[in-house]
Structures are given as C-alpha cells and as structure tokens.
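Trainee: here are the coordinates; sequence isn't available:
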C-alpha cells in the first residue's frame, strides 16, 4: 500500500479519496508495508489509476517492488535451485497466499514454456491492470535466474485493447501482445537455469523443506489483523474471504495444530500492547478499537490474557522504558 499511496501523492491525487472508493480503511496506511487481499488490491489499484490517470501505474508498481516484496512467495522463489523448481513452488503457494481463486503456473508445449497468471473468480473491474501488475512479478521471478536484461519471447495480457502499450512495454522491458491468458512465453530450456543468488534454505522463513501449509496460519492471522481496522473479524467472515466454509477452515487450522480463537487472541494481545504503548490513547478508546463495548470489558479481557490490567501493564512498561536519572 505504501508505494500506491506514494504514487497517488506524487501525481497530486487524493489518497483518502482513492482508499474511500476502494472501500479500504485509511488507517491501514499506518502500516504501509502490510499485505492486503488480492481483491482489495485490485480495487485499490483501479481506483488509483482512475485518480491519477496513469494506465502504466501497475507496471511501475510491480517493477519497483520486485519479488522481494512478495513475502513468502518471493522467499520460495529465491530459495529454489532452478527456475523450473521456483515456478512449481509458486503454483502451489500463490492461491493460498493471495486468498482468492488465482492460478500462477507453468505449461509446456513442445520447446516452449508458458508461465501464466489468471484470476478465476469474477472481477468487475481491474482485471487487465492486475495482469500487468502480475507480469512485473512474473518477469522478476524469471530474471532472478536469467539476469536483469532477460526478455521473454513475448508477454501476454487479456482484453481487446491495452492503453499506453508502448509505455508499459518500456517499463517491463518486453513486448506485450493480447491473448486468451496472461503470462510469459519463453524457451523451455530456460527452466533449467540455476539460481545465482540462492538463499540457504535453513536461513529463510520459507525453507525448502518447510511445510507450505503452515502459511495458512499466517494468512488467517493477517486477515484478522486487517479486520481489526474495521469491525471485529469473525471466523465466518475470514472463511468467506478465503473462499472456504467455516468447517473447512477450522479443519485446516486443526491440521496445523492451531485454532481460530487462539490466533484471534494472539492478534488482539499484540494489537492491545501496541496501542497501550502510546500513553496518550485512553484505555476506553483502545477497547473500542479492538471491538469491546467499553473500557471495563476490555480490561477484563486483558487481565485474563496477561494476568494484569491494561493500566498496570502500561505503567510497568513505561517505567522500564524511562531512562535512569544521571548522577
């Protein structure tokens, strides 16, 4: 969100108006590097493009961010031995981490490879802009193995027309054609390219032998955190945003040894302590922001979590942080 807000501001647009049109809380800018749901990103990028009149914005954003800005997906890419292995991992983790009906994967035909991207669910607007955004990340993945100057035989986006095509091609550094599915076309033997800057799998969060399914816990936790910027999130709401039933989400979390209630409690404790660190925020207001009716209900919950009241926790924390008097 940070790069999007910066682009809007640099072009003289209104960040508040863009976030309002996208239906996203402006308070999320307090943590500008926080990831958001893909469908929310689609609305936000589309609203930003309309605000500043820049069809090339998605290309600029993805090329600026690169695969390092893709979190666990980028880590999977950078720890793979070959480009082919990296694309196989991306195909597995992308649908889970982007929390929508999304496909990113590899298809081979004779001596050619097609590294494609598609959103399968209904999108009212912003599909082509999202594909341009994705192309930047697809190119970043391939160029991690093949070098920054590498160009595919062609890049493909869907639709009948692409506004500002020459400018977008210049930003992405490759030719773009219109087709049935977005992606990159290149010689299949490039899939054997080794990783010139491979991370040690034991030193990265998304290690080669680490179960990818564990990322569900991170996704649910992140969605709970996002939900706190609006109203208190529910398990039904989180399941719906992931495209799962309540029971399926519960079962998949149980398979990782976690429960939704435990994840929500850990998020609430972390957010409560962060807010209590600001001595100017009234405890009653903090309780309301966390979904409690008043200070009393919040205080009882915090006491149950930590064994101390919010006011006592705040007092002890600031006493520990206060510098010792000089002699």
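Mentor: Now that the structure is in, tell me what you want to look at. What you are looking at is a predicted structure, and each value in this text was computed from that prediction instead of being measured.
Trainee: right, and residue 237 touches residue 228 too?
Mentor: No - Residue 237 is beyond contact range of residue 228, at 12.0 Å (criterion: Cβ atoms under 8 Å). (C-beta placed from N, C-alpha, C; glycine too.)
Trainee: more neighbours, those two?
Mentor: More neighbours surround residue 228 than the other of residue 237 and residue 228, with 19 against 16 (other Cβ atoms under 10 Å).
Trainee: Name all residues that make contact with that one.
Mentor: 267-268, 271, 289-291 (Cβ atoms under 8 Å, 6 or more residues apart in numbering).
Trainee: how about those residues in JSON lines, adding secondary structure?
Mentor: Output for those, formatted as JSON lines (DSSP: H, G, I helix; E, B strand; the rest coil):
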{"residue": "267", "secondary structure": "helix"}
{"residue": "268", "secondary structure": "helix"}
{"residue": "271", "secondary structure": "helix"}
{"residue": "289", "secondary structure": "helix"}
{"residue": "290", "secondary structure": "coil"}
{"residue": "291", "secondary structure": "coil"}
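Trainee: Farthest-apart pair in those residues, please.
Mentor: Using Cβ to Cβ, the pair of the contacts of residue 228 lying farthest apart is 267 and 289, separated by 12.8 Å.
Trainee: Compare neighbour counts for those two and give me the winner.
Mentor: Set residue 267 next to residue 289 and count neighbours by other Cβ under 10 Å: residue 267 wins out with 21 against 16.
Trainee: so what pLDDT did the more buried one get?
Mentor: Looking at residue 267, its pLDDT stands at 90.
Trainee: thought it was touching residue 220?
Mentor: No - if you go by Cβ under 8 Å, residue 267 and residue 220 don't touch, sitting 9.5 Å apart.
Trainee: ok, now how distant is residue 153 from residue 18?
Mentor: 36 Å (Cβ to Cβ, to the nearest Å).
Trainee: which of those two has more neighbours?
Mentor: Taking other Cβ under 10 Å, residue 153 and residue 18 do not tie; residue 18 has more neighbours (25 against 13).
Trainee: so what's that one up against?
Mentor: Per Cβ under 8 Å, 6+ apart, neighbours of residue 18: 4, 8, 44, 47-48, 51.
Trainee: For residue 118, state which of those residues is nearest.
Mentor: residue 44 (20.0 Å).
Trainee: Which strand or helix spans that closest one?
Mentor: helix 38-52 (DSSP states H and E).
Trainee: what is the rounded mean pLDDT of that helix?
Mentor: In this model, helix 38-52 has an average pLDDT of 84.
Trainee: How far away from the center of its chain is that helix?
Mentor: With Cα atoms, centre = their mean, to the nearest Å as the basis, helix 38-52 stands 14 Å off its chain's centre.
Trainee: quick one: pLDDT of the nearest residue to residue 5 once chain neighbours are set aside?
Mentor: Nearest residue to residue 5, sequence neighbours excluded (Cβ to Cβ, 6 or more residues apart in numbering): residue 15, at 5.0 Å. For residue 15, the pLDDT comes out at 90.
Trainee: show me where the protein has strands.
Mentor: Using DSSP state E, the strands assigned to the chain run over residues 102-109, 112-119, 154-157, 176-178, 182-187.
Trainee: can you list these in a markdown table and add mean pLDDT, mean neighbour count and distance to residue 74?
Mentor: Listed next are the strands of the chain as a markdown table, based on pLDDT from 0 to 100; neighbours: other Cβ atoms under 10 Å; distance: least, Cβ to Cβ, whole Å:
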| stretch | mean pLDDT | mean neighbour count | distance to residue 74 |
| --- | --- | --- | --- |
| strand 102-109 | 85 | 15 | 13 |
| strand 112-119 | 91 | 21 | 15 |
| strand 154-157 | 95 | 21 | 20 |
| strand 176-178 | 96 | 15 | 23 |
| strand 182-187 | 96 | 20 | 17 |
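Trainee: So residue 102 versus residue 91, what's the distance?
Mentor: Distance from residue 102 to residue 91, by Cβ to Cβ: 10 Å.
Trainee: And for residue 78?
Mentor: Residue 78 sits 16 Å away from residue 91, going by Cβ to Cβ.
Trainee: who's more crowded, those two?
Mentor: Legend: neighbour count by other Cβ under 10 Å for residue 78 and residue 91, higher for residue 78 (20 against 15).
Trainee: Fine by me, we can end here.
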